[in-house]
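**Q** I need the structure of the sequence given here:
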Amino acid sequence: MAQWKTALVGVVLLLGSCSFASENLLPTLTGEEPSGKAKAQQASAQSAAAAPAAAQPAPTTPVVTQPAAPPQLNTTNFQPVPVEPGQPTGTAVGQKVESMRGELVKLEGSISDHNSRLQALRAQTVGNAQQYQQLIGAINAKLQVGTTPGNPVLVNQWNQAQSILEKIDGDVAAMNSLSTEVSSDSSLAAFLLESTRATYGISGAVDEDHRQLAILEDETNKTVVTIDRLLNELSEDTSRQNLYLGRERNNLTTLSVAIKNGELFGASLANRAYYTAAPLASRAPAPRGESAASLANRRPLVVIRFDRENVDYESALYTAVSEALQRKPNADFDLVAVAPSRGGPAKTALAMNTSKRNADAVMRSLTNMGLPASRVKLSAITSSSAETSEVHLYVR
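**A** Numbers count the residues shown, from 1 in each chain. This is a model prediction of the structure:
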């Protein structure tokens, strides 16, 4: 019993922000002794009520996560330098220079067209991102003040936001396609530059041929630089937008859970883990050969007691896991289904099936919040001290 009390103190300190005002409205979701008796719970509640006000934990304010601003797109306007016209010289070298000049004119026309498409895509992406931000901001604002579960207005706004996010995805796909076309221009520009330099070695040229050839070489060099910069900015724009899309898809998934419950959570757990996680090489390997019984002897981060229908645990679960990831960004988790072992084998088997279904529901909640399933290990045990089906979550 002394060991249980020690565990109780430690977990209550860990989850001080998950205390509840009314057991009739909220689930049993605490870090206290999983099998605590009603009498012990009553004594604990009386002790807490008798404690001085200064010793009570400060009330926790719900975290309000505003939609992250989309990444800034580049703004360079790529206008190719006009090609200086030349005069025929009547030589074979002069004819080759004229041919290459014509190719450069076509190439720069292609660059100009690609630049126009890029500027249009940028403007379209910015417009779509602004609409998306307004919708997400409106949803968050409504959830912040509280609303009904599954509010159809918020569901409609969520659907619009998802549709706009798909449009942004289409913009990024168009940028990738444009990048492929510009890469072809880059290959052609490199070929023209090499051909221009090689033409200096052709015999039968007059001074005017070499003068025009030097001008053509300079213009081709500038075109190569323009194309390289265009490719670099396209690469930066698509890379940033892809990261933004991935983050917002995770946030939309978490937001759908918040709309279903009518209360605001925060950013996706996947994003929190992604942006603060240490390198994979620094992760300690998961312990091997660890049994479900040994997990039960560890101090739980969260205990959810399914002692009534429709236990509302997701908000407090999100808060607990979010705080755990803030303390240990590379954390993995053990999710344990705990079934009471009272009664005969048939009753125990029935209780185990029930606890596994409850653990599956908690697992779905975690993945909906953005926590990768690969970071959660499932197991199941029976306990003679458990009075009802429980689900325990441990930090590993």
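
**Q** start and end of stretch 380-396, how far apart?
**A** By C-alpha to C-alpha, to the nearest Å, the extent of stretch 380-396 from end to end equals 16 Å.

**Q** same question for it: list its buried residues.
**A** Across stretch 380-396, burial judged by 16 or more other C-beta atoms under 10 Å covers 380-383, 386, 388-396. C-betas here are computed from N, CA, C, even on glycine.

**Q** distance to D332, secondary structure and pLDDT for those - can I get that in JSON lines?
**A** JSON lines is the format used below for the buried residues of stretch 380-396 (distance: C-beta to C-beta, whole Å; DSSP: H, G, I helix; E, B strand; the rest coil; pLDDT from 0 to 100):
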{"residue": "A380", "distance to D332": "18", "secondary structure": "strand", "pLDDT": "88"}
{"residue": "I381", "distance to D332": "19", "secondary structure": "strand", "pLDDT": "89"}
{"residue": "T382", "distance to D332": "24", "secondary structure": "strand", "pLDDT": "87"}
{"residue": "S383", "distance to D332": "23", "secondary structure": "strand", "pLDDT": "85"}
{"residue": "A386", "distance to D332": "24", "secondary structure": "coil", "pLDDT": "86"}
{"residue": "T388", "distance to D332": "27", "secondary structure": "coil", "pLDDT": "90"}
{"residue": "S389", "distance to D332": "24", "secondary structure": "coil", "pLDDT": "92"}
{"residue": "E390", "distance to D332": "21", "secondary structure": "strand", "pLDDT": "92"}
{"residue": "V391", "distance to D332": "17", "secondary structure": "strand", "pLDDT": "94"}
{"residue": "H392", "distance to D332": "15", "secondary structure": "strand", "pLDDT": "93"}
{"residue": "L393", "distance to D332": "11", "secondary structure": "strand", "pLDDT": "93"}
{"residue": "Y394", "distance to D332": "10", "secondary structure": "strand", "pLDDT": "92"}
{"residue": "V395", "distance to D332": "8", "secondary structure": "strand", "pLDDT": "92"}
{"residue": "R396", "distance to D332": "4", "secondary structure": "coil", "pLDDT": "85"}
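
**Q** now render those residues as CSV, adding distance to D207.
**A** Formatted as CSV, the buried residues of stretch 380-396 follow (distance: C-beta to C-beta, whole Å):
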residue, distance to D207
A380, 90
I381, 93
T382, 97
S383, 97
A386, 98
T388, 98
S389, 95
E390, 93
V391, 88
H392, 88
L393, 83
Y394, 84
V395, 80
R396, 79
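
**Q** farthest pair in those residues?
**A** The most widely separated members of the buried residues of stretch 380-396, counting by C-beta to C-beta, are T388 and R396 (25.2 Å).

**Q** okay, now G102: neighbour count?
**A** Residues near G102, counting by other C-beta atoms under 10 Å, number 11.

**Q** where's it, which helix or strand?
**A** Using DSSP states H and E, G102 sits within helix 92-145.

**Q** packing partners for that helix?
**A** Helices and strands touching helix 92-145, by 3 or more C-beta pairs under 8 Å, 6 or more residues apart in numbering; DSSP states H and E, are helix 152-199, helix 207-261.

**Q** any idea which of those scores lowest on pLDDT?
**A** With a mean of 89, helix 207-261 has the lowest mean pLDDT of the helices and strands packed on helix 92-145.

**Q** quick revisit: off-centre distance for the helix holding G102?
**A** Centroid displacement of helix 92-145 relative to its chain, using C-alpha atoms, centre = their mean, to the nearest Å, is 26 Å.

**Q** mean confidence for that helix?
**A** Averaging pLDDT along helix 92-145 gives 91.

**Q** give me the angle between that helix and helix 207-261.
**A** Interaxial angle, helix 92-145 versus helix 207-261 (axes from the mean of the first three to the mean of the last three C-alpha atoms, to 10 degrees): 20 degrees.

**Q** got the angle between helix 92-145 and helix 152-199?
**A** Interaxial angle, helix 92-145 versus helix 152-199 (the same axes, to 10 degrees): 160 degrees.
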